[in-house]
Structure formats: C-alpha cells, structure tokens
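> need a structure here:
(chains A and B)
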Amino acid sequence: MATKEYSFYPGCSSQKGASGSNYQVSVDTMCDVLDIKLNDIPDWNCCSASIGYAGGGELPRLALSARNLALSEQANPDQDVVATCAACWLATRETKERLLDDDSLMNETNEALAAAGLKVEAKQDVRHMVEVLIEDFGYDGLAQHVKKPLEGIKIAGYVGCQTNRPFGIAGESFENPKYLDKLVETMGAEPVENYDKKVSCCGGALAFSEPEKSQALIKDIIESAYDGGAEMIVTPCPVCQMNVEVYQDQINAKYKTKFEMPVVYYSQLMSVAYGKGVQESGLNGQVIRAKKLEDIAGK
Amino acid sequence: MSNLNQTMVEKYRNDFLNEVRANVEEGDWVNMCMQCGVCAGSCPLGPYWEHPPQEIFMMIRAGKREEVLTSTSMWMCTSCYNCIARCPRELPITHIMHGLAHYADRLGLAPKEQPTRKFANKFWDNLTKKGRVNELKLGLALYFMNGFMEGIKVAMANQKLGLNMIKTKRMNPMEIIGGHGVKDTSGLHAILKKAREIELAKAEEFKG
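Predicted structure coming up:
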C-alpha cells in the first residue's frame, strides 16, 4: 500500500517534555506500522483550546486556528489536516466551518492574517486521527497489522467529550459511540460492555481551576470502569487521559477509594498489539503503569 | 464602573438583548431559546450554576444586565458540548456561554475571584506570549493565582503530582527558562492585534 500523507497539527501537549508527549511517541510508532507520513504544519501555534475564551474574543481565537490552516495550505496543500488532540481538532474544524459559513468572518479573519502576510481558504478537511484510522484504513485494515493480540485484557473505552461533540465521528451517535470499543476489539482485547460513563465529562480545563468539582466527575468515570470489570481505560483525548490518570491519588485521599486504574491512548494499545516495545509505545510515560500492556510488549 | 461598561450602558439603555446580539459571540441566537431546560439537565456542573443557560437566556431578554454579567454561571462551562448536541433548537450554547463570559470580563463585571476566570485569562496570556502553551509556567501561575502563601500551600499539596509528571518526562523543569514557542512570534502578535481591533470596531458600528 502506498504511503498515506497528512498535514499534521501536533498541538502543545504533544511536544517534548509536555503532558501528552507519550501520546505522540505512540502515534509515531503506530503511523510507522501503518505507513502513514505526518507532515507537520510548519510553525504551528496553539489553538487556545476550550479555555482561551476569557482573554481571547471570537475573532482572535478564530485567527489562531486560521493561521495554522493558512500555513498548512502553503506547506501541505493537497493533504487533509489531522490532529491527535481533541481540543486541537475541535478548534481547527470549528474555525474551518465557521469561516466557510460566514463570508464576513472569512474576510475579517483574512484581514487579520494579512498582518503577517498570510491568507486562508479553509478548504482542507480537518480530521481527528481516529477518523483517519476508521475511515482510511477500516477495522479490518487495522487488524491486519496485529502481531500480539491483547488477549485477556478488559478495557473501558472512555470517549469523553470533544472527539464526540459537537462533531463526532461519522456514523456514531453522540450518546453511545462504539468506535473505541470496536478498536479495542480489533486489537484483540475485550471492551467493557455498557460503560455508562463513556461520554461523560472529566471537567476539562476546570480540573485546574475547580479541582473538587472536576475530581467528583473523574471519580465516577473511574468507578464505573471498575464496576464494568475494566483493568484499564483507553481514551482518544490528551486532556481526558491526564485528568483521569493523574488525580487518582488525590481522589483516593478524599473519597477513601483505592483507585489504581491505568489510562492509556488508543495509539498505545495499537503500538503494543503491533508488536512494539514499552518505550516505543510510550508506556514509560504512564503515571500509573499499565502492567498488563507492558507484559505483552515485553514478550 | 469601567469606561467601556459605562459606554455600553448608555448605548444600549434598556436593551440588553440587543447589546448581547451585537457584542457577544453567537449572541444572535439568544431569542431562539424555548426554555426547555435540556441544557441545564445535560451539564456536568449543572448543580453549581447560579443560573442555568435557559435562565440566563430569559434574563437577557428581561434586561437583567447586571445579574447576568456579574454571574459566576458562565464560568462553570467545561466545554463538554452536551448542551449543543442536545438542544432541540440547535443553539450553540457552549459558544454563547464563552461569549458571555468573555464580554463580562472585558467590561470588568465578571466576578474577580472566580477561579476559572483567573485561570482562563492566565491560559490566554501564556499561549499568546510565545504562541504555544508553556505547561510548567501555566501550572505555576495556577498555583500562585491566589497569592504567594496560598501558592506555596497548593504547590505542596500537588508536589507528588508534579514529581510524577517530571519522572514520566511529561513535564520539563527547564521550561521555566525559554520553553516551546513559534518562530514567528511578531507575525502571530500582529495577527492577534489586528483581530482584536476589527472586533472592537465592529461592536462600535452595530446599530441593533
């Protein structure tokens, strides 16, 4: 199969020494196996995520994503834009749709971009990596590369919010998307049936500003995974991953729980199933080690 | 009262709905709300809202300017988009809440001590400085946003979390000097400055 190429928007958390750097490691490994070439958007900037609204008005925020789209159009004109971070994808896709939907917004955005000699058309499709996997490869195509099926691991598919709403993955419902469960199954593991917190919110950025309220939400997400017999949680979003993984100590202290639930990315499951090692799969980046995956990766 | 707030009060005297339509992101949608309350029931932080979205929409139509703009409500939005996905009239509620929060803050009416207001502003300042988020500085800014002594306490309470992130190479202490950023910072700043100017000029022109 010929190499598939995409215009890649890595996002802040993917960078070296940042909170989702292990996600990026596993994405690189996964893409290597699938013969995907990710061409970085040169000099990309932050999308301002879902919490930039206080300081940034509508147009400054749209201009941030429009700058990325403009740079992408220059460097990788014939490729779809692909993001791995849910917030990056959401902000970029939303910008594209709003610019195409509203001529005056498009003109104003281009007036702002002209201050740096840029121009945007917003014609490229903006996709999340899981869309690429499901639509351009398909479950069968993804299954072909499995060398070590993740047999005997029960996994709760935590889809979360921003890869699911308001755009979502084509053909999936907002309330009960199945794609993550299907990916888990494709890799040879067992998805938790009827994981009722699969699209519940982890608090997002409010995990920082409203820790108590957010940790109450996170507690329910983990508890429901345990109730379904899960040994780990898998997610497509770096904010979900961090929020659900790193506060378990604090939640245990407050609620007298004994949570020790690993939270991994779909790309890590895939890297391990594709026969790659602990480091290549970014598993050394887990605060709560995913021992069952490490065992398979180490075999 | 801030100058901008004074200007807006005089300009839109007794017509808060029009003020929102002109100045708030997606504010044009407000009068489409049919008061069903699905948004309130769908919100993960629903119990903490002083006034849930459908109430905010009704208050805007009733001209309750100060109650709306000084409310902590909009700052409870986690951006989960449940309300957008479920609203029968397809109002972009998440965006309207962000827009109201931004407008209230710009007028100086948003509650000063609201933690998400403070954090969200620090986030914007952090990302626009170099074009990419510096997670270490953002974390420290968050810890110390309520003063130095409180910051020490919060930092101590989160010490293990920080060490875990450093140990797994998901946080880099060296980000305190330098850190990630775009190359063309001056271009990025020029774009943002222009975007802000256009937005303010447009609000100025609106006749309702």
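
> what domains does the record give for chain B?
Partitioning chain B according to automatic domain parsing yields domains covering residues B:3-113, B:115-195.

> for these, which one ends up most surrounded?
domain B:3-113 (a mean of 19; mean count of other CB atoms under 10 Å in any protein chain shown). The way it works is simple: take the backbone N, C-alpha and C, and place the C-beta from them, glycine included.

> What segments of the stretch 1-150 of chain A are strands?
A:4-9, A:36-40, A:81-83, A:126-128 (DSSP state E, counting those that start in this stretch).

> ranking the ones you listed by burial, who's on top?
The stretch of the strands of the stretch 1-150 of chain A with the highest mean neighbour count (mean count of other CB under 10 Å) is strand A:81-83, at a mean of 28.

> contacting residues around the helix of greatest length in chain B?
Longest helix in chain B by number of residues (criterion: DSSP state H): helix B:185-205. For helix B:185-205, the surrounding residues in contact (CB atoms under 8 Å, 6 or more residues apart in numbering or on different chains) are A:45, A:56-60, A:62-64, A:67, A:108-109, A:111-118, B:22-23, B:128, B:130-131, B:182.

> hey, C-alpha coordinates of it in CSV?
The C-alpha trace of helix B:185-205 is given here as CSV (Å, rounded to 0.1, in the frame of the first residue of the first chain):
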residue,chain,number,x,y,z
THR,B,185,6.1,35.5,17.3
SER,B,186,5.9,39.0,15.9
GLY,B,187,3.7,37.8,13.0
LEU,B,188,1.4,36.0,15.4
HIS,B,189,1.2,39.0,17.7
ALA,B,190,0.4,41.2,14.7
ILE,B,191,-2.5,38.9,13.7
LEU,B,192,-3.9,38.9,17.2
LYS,B,193,-3.7,42.7,17.5
LYS,B,194,-5.4,43.2,14.2
ALA,B,195,-8.2,40.6,15.0
ARG,B,196,-8.9,42.5,18.3
GLU,B,197,-9.1,45.8,16.5
ILE,B,198,-11.5,44.5,13.9
GLU,B,199,-13.7,43.0,16.6
LEU,B,200,-13.8,46.2,18.7
ALA,B,201,-14.6,48.3,15.6
LYS,B,202,-17.4,46.1,14.6
ALA,B,203,-19.0,46.3,18.1
GLU,B,204,-18.7,50.1,17.8
GLU,B,205,-20.6,50.1,14.5
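
> would you list the domains of chain B in JSON lines and tack on mean pLDDT and distance to A:A122?
Formatted as JSON lines, the domains of chain B follow (pLDDT from 0 to 100; distance: least, CB to CB, whole Å):
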{"stretch": "domain B:3-113", "mean pLDDT": "96", "distance to A:A122": "18"}
{"stretch": "domain B:115-195", "mean pLDDT": "93", "distance to A:A122": "15"}
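
> Can you check which of those domains gets nearest to A:G277?
When the domains of chain B are compared by CB to CB, domain B:115-195 sits nearest A:G277, at 16.3 Å.

> Quick check: phi and psi at B:G151.
Main-chain torsions, B:G151, degrees, to the nearest 10: phi -60, psi -40.

> circling back to that earlier point, mind giving me the ChimeraX command for buried ones among the contacts of helix B:185-205?
The ChimeraX selection below is limited to those of the contacts of helix B:185-205 classed as buried (16 or more other CB atoms under 10 Å in any protein chain shown):
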select /A:45,56,57,58,59,60,62,63,64,67,108,109,111,112,113,115,116,118 /B:22,23,128,130,131,182
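
> can you tell me the helix or strand for A:V234?
strand A:232-235 (DSSP states H and E).

> name the helices or strands packed onto that strand?
strand A:154-157, helix A:179-186, helix A:211-227, helix A:238-246, strand A:263-265, helix A:266-273 (3 or more CB pairs under 8 Å, 6 or more residues apart in numbering or on different chains; DSSP states H and E).

> most tightly surrounded among these?
Highest mean neighbour count among these (mean count of other CB under 10 Å): helix A:266-273, a mean of 29.

> Residues contacting that one, please?
A:22-23, A:26-27, A:29-30, A:33, A:84, A:129-130, A:133, A:142, A:146-150, A:155, A:180, A:183-184, A:187-189, A:234-236, A:280-283, A:290, A:293, A:296-297.
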